[in-house]
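Participant: Need the 3D shape of this:
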Amino acid sequence: MGARRSRASNHKACSREETVSRVSAVETGRALFARRFSAGANRSEFDAGDFCELHAVGENVAIQDYGSPGDAWYLLGTTPLQEIRIPNGYFRWRLSKAGTGEFVSAPFTTDKMQFSIPASDAMVSFSGGGWGDLIDFVGFVRYELPAYDINRFEITNREYQQFVDQGGYNKREYWREKFIKDGRELSWQEAKDLFRDATGRTGPATWEEGHFPEDQADYPVAGVSWYEAAAYAVFAGKSLPALAQWYKAAPPEWLPSSVNLSNFGGHGPVAVGTSPGVGPYGIYDLAGNVREWCVNMNESGERFILGGAWGTQPYLAFDPEALPSFDRSPMNGFRLVSNKGPVSASLVGPIVRTARDFSKAKPVSDDVFQAYRRSVYAYDNKPLNIQTEAGVEDTPYWTKTKVTIDAGYGNERLPVYVFLPKNVHPPFQSVVFFPSAHVLLMPSSGKLGDLQFVDYVIKSGRALVYPVYRGTYERLGGIRTIPGIMENLQLVVDDSKEVRRSVDYLEALPDQFDSRKIAYLGVSQGGAYGVIFATLEDRFKTVIFLDGGFFLRPVMPARDQVNFAPRLKKPMLMVNGRYDFTFSLDRAQLPFFRMIGTPERDKKRLVFDTPHDVSQEHAALSREVLAWLDTYLGRVN
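Facilitator: From the prediction side, this is the model:
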C-alpha cells in the first residue's frame with residue numbers, strides 16, 4: 001500500500017523529487033520529446049542535464065520516452081558518443097550490435113552512461129558486494145551479496161514442461177526442503193498429493209492433464225507453490241532469489257514508473273516480456289504478470305512473494321507479500337538466480353521485522369487528546385460553495401456526478417464523486433469511501449480505482465461519496481509518502497478534514513441524503529487511518545475497515561492510532577486477510593481490533609484466506625458488508 005521515498009542503494013542515487021519529475025516528464029512530455037528532436041531544436045532549449053556521454057564500443061543506441069512505448073525510437077548514433085542531446089525525462093534505451101542482437105533497458109539518465117549487452121539473452125549479471133535499501137513494511141535491510149545472474153524473464157510454461165516431462169515430480173532429489181503445512185511436517189508422498197493440476201495429474205494448479213493451456217507456452221508458469229518453484233530451481237541448477245537480490249534487480253524508486261506499463265488489473269497473465277514495463281537492467285515483468293517466490297521466509301514462516309500480479313493491487317509491485325509455502329494461487333510464479341559465489345545464511349534466512357508491542361502501548365490522556373482535536377485537527381466549518389462539474393455518467397445501477405466543495409482549510413477545493421443508486425427513492429443512505437494506496441499511483445481521477453471494494457454498496461441502493469483526497473490522483477501535489485511513516489502528519493490531518501467536509505456535504509442536502517444514516521468505509525490506508533477519521537467524525541453511524549490494522553513502525557503522537565482506537569465507540573466491522581503481510585494478523589490486526597472502544601456486541605472481525613486484498617473474496621465481502629449496513633443503517637426499500 002506504499003509509495004516510495006528517496007533511498008540509497010549501490011546504483012545511482014535518485015531523490016524522490018527527481019523520480020517524480022521523471023514520471024511527470026514521461027506522462028506529459030511526449031510533445032516536448034518530439035519537438036526537441038526536431039531538426040529546428042536549439043541548444044538553448046535544453047537544460048544542463050540534457051547532455052550525456054555514452055561509453056560502449058560499436059553499439060547503435062536509440063531512446064524512446066518510457067511512458068510512450070508505442071512511439072518511434074530516436075537514434076542517437078554509434079558508441080562511444082559524447083555531448084549527446086536528450087530531453088529531460090525517463091527513457092527506454094535500445095542497444096544493438098551486429099552479431100549480438102539488441103538489448104532494451106531503462107536505466108536512470110545520468111551525464112555518463114555505461115552500457116553492455118548481456119552475454120546471454122536469458123540472464124542479467126550483477127556484481128557482488130554490499131547492498132542496502134528501505135523496503136516498505138520491512139524496514140532498512142543490508143546484505144553482502146554474491147555476484148549473481150538473474151533471469152530476464154519469468155520461468156515459462158514451456159520451461160516448466162521440461163521439468164514435468166522429465167519426471168521432476170517423481171524424483172526425490174529435487175525436493176530438498178522439509179514439507180511443513182499448518183505446523184506439521186508432511187511426508188514427500190503427502191506433499192506430492194497436494195501438487196495436482198485441475199485433472200488430478202501432477203503439475204501446476206493452472207494446468208490440465210499434465211500440460212499447460214494451449215497457446216500459452218511463453219506465458220509464465222502459474223499456480224505453483226514455493227516447494228514446486230524450489231524443486232524446479234534444483235532441476236535447473238539454479239536458486240530462487242533472495243529478497244535482497246530481487247529488490248536489487250527491481251530498484252524501489254523505479255517501480256512506480258513501471259506500474260502503469262505492467263500487467264495489473266487484467267484477467268490473467270500474458271506472455272513474458274510483452275508488457276513494456278522493462279526495468280533499469282533490462283529485466284521484464286518484475287512488476288505484475290505473476291508474483292514471484294523468493295527463498296526467504298518471514299517471522300511467521302510464510303515465504304516472500306514479490307512484484308504483485310495481474311490480479312493484485314498495483315502497489316504490491318513494491319510492497320512485499322508473504323504466503324504459505326503450499327499456496328498455489330493462479331497468480332504465483334517465479335524467476336531464478338545463478339549465484340557465482342558463496343551465499344551467506346543471513347541472505348537467505350528468515351526476515352524478522354521489528355514491531356511495536358501494542359500490549360504496552362498507552363493512549364494519551366483525555367486532556368491531551370482534546371488538545372489534539374482542537375489545535376491539530378480543527379477545520380473551518382464555513383460554507384461549502386458547492387459547484388457541480390459538467391457531465392454525468394449513467395449506468396444501469398447508478399449515476400455518477402462530480403462536485404467540488406471547500407476543503408475546510410486554506411483555499412483548497414475538494415473534488416467529490418457522488419454515486420446515486422437507481423430505482424431507490426431519496427433521501428439515500430450514504431457511505432463515505434477512502435481508497436487504498438492504489439490511487440497514489442493513478443495520475444487522474446477520471447478513472448477511479450478500488451471500486452471493486454464498494455460497487456456492491458451502490459447496487460444495494462445506497463449512495464457512495466468518493467472524495468479525491470489530498471495526496472491522491474491529480475492532487476498528489478508533490479510526494480505522498482509510505483502510509484504509516486512519521487513524516488506524513490499534515491497529510492493525515494488534511495485528509496481528516498476532507499472526510500468531515502464530505503459529511504458536511506451530505507448534511508447540507510437533506511432532501512437527497514439521510515444525515516442519520518451515514519457510514520464510513522476505508523480500505524488499507526483508509527482502513528488504518530480510518531480509526532482517526534471516524535473517531536473525529538461523530539456523524540458516522542457505523543464504520544467498516546477493510547485490509548487495515550496498526551502500523552508497526554513509530555509514528556507521531558498526534559496521529560498515533562493508539563490514541564484514537566479506544567475512543568472509537570461506533571459499531572465497527574473489520575475484514576482482513578489471514579496472510580496479510582502489510583498488517584499481519586497477530587501483530588497488527590488483532591491488537592487493533594482489541595483496542596477499539598466499541599462495545600463487544602457492536603464490533604465484528606472477519607478473516608478471509610487471502611493476502612492483503614480482501615476483494616479477492618468479492619462475493620463473501622459484499623455479503624458481509626451489506627449485512628452489516630442492513631443491521632446498523634437499516635435495510636434499503
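
Participant: going forward, measure contacts between C-alpha atoms and count neighbours the same way
Facilitator: Fine.

Participant: quick one: residue 82 is in a strand?
Facilitator: Yes: the assignment for residue 82 by DSSP: H, G, I helix; E, B strand; the rest coil puts it in a strand.

Participant: Number of residues surrounding it?
Facilitator: 13 (other Cα atoms under 10 Å).

Participant: Tell me the spacing between it and residue 103.
Facilitator: For residue 82, the distance to residue 103 equals 21 Å [Cα to Cα, to the nearest Å].

Participant: Ramachandran coordinates for residue 507?
Facilitator: In terms of degrees, to the nearest 10, the main-chain angles of residue 507 are phi -70, psi -30.

Participant: ok, now which ones touch the residue nearest to it when sequence neighbours are not counted?
Facilitator: Spatial nearest neighbour of residue 507, excluding adjacent residues (Cα to Cα, 6 or more residues apart in numbering): residue 515 at 5.3 Å. Applying Cα atoms under 8 Å, 6 or more residues apart in numbering to residue 515 gives the contacts 429, 506, 507, 539.

Participant: The second one contacts residue 513, doesn't it?
Facilitator: Yes: under the criterion of Cα atoms under 8 Å, residue 506 makes contact with residue 513 at 5.8 Å.

Participant: before we move on, back to that, and the residue nearest to residue 507, that one's in a strand?
Facilitator: Yes: under three-state DSSP, residue 515 sits within a strand.

Participant: per-residue confidence for it?
Facilitator: Note on residue 515: pLDDT of 95.

Participant: distance of it from residue 361?
Facilitator: In terms of Cα to Cα, residue 515 sits 35 Å off from residue 361.

Participant: again with residue 94
Facilitator: Residue 94 is 54 Å from residue 361, by Cα to Cα.

Participant: quick one, what contacts the residue nearest to residue 459 when sequence neighbours are not counted?
Facilitator: In this structure, residue 459 finds its nearest non-sequential neighbour in residue 397, 5.9 Å apart by Cα to Cα, 6+ apart. Shown in contact with residue 397 (Cα under 8 Å, 6+ apart): 421, 422, 458, 459.

Participant: And this structure, split by domain according to the record?
Facilitator: Domain assignment for the chain by automatic domain parsing gives 16-117, 129-348, 366-463+472-632.

Participant: now those in a markdown table, with distance to residue 354?
Facilitator: A markdown table is the format used below for the domains of the chain (distance: least, Cα to Cα, whole Å):
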| stretch | distance to residue 354 |
| --- | --- |
| domain 16-117 | 25 |
| domain 129-348 | 8 |
| domain 366-463+472-632 | 8 |
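
Participant: To residue 355, which of those lies closest?
Facilitator: domain 366-463+472-632 (4.9 Å; Cα to Cα).

Participant: Please compute how far that closest one lies from its chain's middle.
Facilitator: With Cα atoms, centre = their mean, to the nearest Å as the basis, domain 366-463+472-632 stands 19 Å off its chain's centre.

Participant: Quick check: next helix or strand after whichever strand or helix holds residue 521?
Facilitator: Assigned by DSSP states H and E, residue 521 belongs to strand 513-523. Using DSSP H and E, the helix or strand that follows strand 513-523 towards the C-terminus is helix 525-528.

Participant: Give me the residues contacting the next helix or strand after that next one.
Facilitator: The helix or strand immediately downstream of helix 525-528 is helix 530-536, counting by DSSP H and E. Contact with helix 530-536 is made by 373, 496, 499-500, 520-522, 540, 543, 545, 559, 561, 564-565, 567-569, as judged by Cα under 8 Å, 6+ apart.

Participant: Narrow the residues you listed to those that are buried.
Facilitator: 496, 499-500, 520-522, 540, 543, 545, 559, 561, 564-565, 567-569 (16 or more other Cα atoms under 10 Å).

Participant: Return the closest of these with respect to residue 313.
Facilitator: Of all the buried ones among the contacts of helix 530-536, residue 313 sits closest to residue 522, with 15.2 Å by Cα to Cα.

Participant: Leaving out the residues flanking it, which one is nearest to that closest one?
Facilitator: Using Cα to Cα, 6+ apart, the closest residue to residue 522 is residue 434 (4.6 Å).

Participant: Residue 250 reaches residue 279, doesn't it?
Facilitator: Yes: the pair formed by residue 250 and residue 279 meets the contact definition of Cα under 8 Å, at 6.7 Å.

Participant: what is in contact with those two at once?
Facilitator: Residues within reach of residue 250 and of residue 279 at once, by Cα under 8 Å, 6+ apart, are residue 286.

Participant: Would you state the strands of the stretch 201-350 of the chain in chain order?
Facilitator: Along the stretch 201-350 of the chain, counting by DSSP state E, counting those that start in this stretch, strands occupy 291-297, 303-306, 321-323, 332-333, 337-339.

Participant: What ranges does the stretch 401-550 of the chain have for its strands?
Facilitator: Under DSSP E, counting those that start in this stretch, the stretch 401-550 of the chain gives strands at 413-421, 428-434, 463-467, 513-523, 542-546.

Participant: To residue 114, which of these lies closest?
Facilitator: strand 513-523 (43.3 Å).
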